[in-house]
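Enquirer: could you work out the structure for the sequence below:
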Amino acid sequence: MKSPKCPKCNSSNTCPIFWGLPADVDAWSKAIDAGEIALGGDVLSADDKKWHCNKCKNEWGHRND
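Expert: Now for the predicted structure:
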């Protein structure tokens with residue numbers, strides 16, 4: 001899935017937000033460092049965001065969409 005442009009700054013440097021506990025912490029750490037995913041946390045709510053901008057840190061969309 002291709003990440004959309006940020007609606008706030010129009011950057012293409014965006015990634016999906018991962019919610020939950022990762023099974024392979026080393027692999028997830030590398031993906032986070034590379035800006036391929038952002039961590040959302042392990043407590044889920046109805047307002048969880050789906051996308052993260054690595055440039056301006058904006059988060060948008062809904063996890064369940």
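
Enquirer: distance check, Asp24 against Asn54.
Expert: Distance, Asp24 to Asn54, using Cβ to Cβ, to the nearest Å: 22 Å. Every C-beta, even on glycine, is put in place using the N, C-alpha and C of the backbone.

Enquirer: run a quick neighbour tally on Cys53.
Expert: For Cys53, the neighbour count with other Cβ atoms under 10 Å is 23.

Enquirer: where does the residue nearest to it when sequence neighbours are not counted fall, secondary structure wise?
Expert: Spatial nearest neighbour of Cys53, chain neighbours left out: Cys6 (3.9 Å); criterion: Cβ to Cβ, 6 or more residues apart in numbering. Using DSSP states H and E, Cys6 falls within no helix or strand.

Enquirer: next one: the one 5 residues further on
Expert: Using DSSP H and E, Ser11 sits in no helix or strand.

Enquirer: sorry, back to before: isn't the residue nearest to Cys53 up against Glu59?
Expert: No - counting by Cβ atoms under 8 Å, Cys6 sits too far from Glu59 to count as a contact (9.5 Å).

Enquirer: common neighbours of the two, please.
Expert: Contact with both Cys6 and Glu59 is made by residues 51, 53, according to Cβ atoms under 8 Å, 6 or more residues apart in numbering.

Enquirer: quick check: what element follows the helix or strand containing Lys30 along the chain?
Expert: Here Lys30 sits within helix 25-33, counting by DSSP H and E. Past helix 25-33, further along toward the C-terminus, the next helix or strand under DSSP H and E is strand 38-41.

Enquirer: need the contact partners of that following strand.
Expert: Residues outside strand 38-41 that contact it (Cβ under 8 Å, 6+ apart): 15-19, 28, 32, 48-49, 52, 54, 59, 63.

Enquirer: ok, stretch 26-35 next?
Expert: Defining contact as Cβ under 8 Å, 6+ apart, one finds that stretch 26-35 is touched by 13, 15, 18, 22, 37-39, 54.
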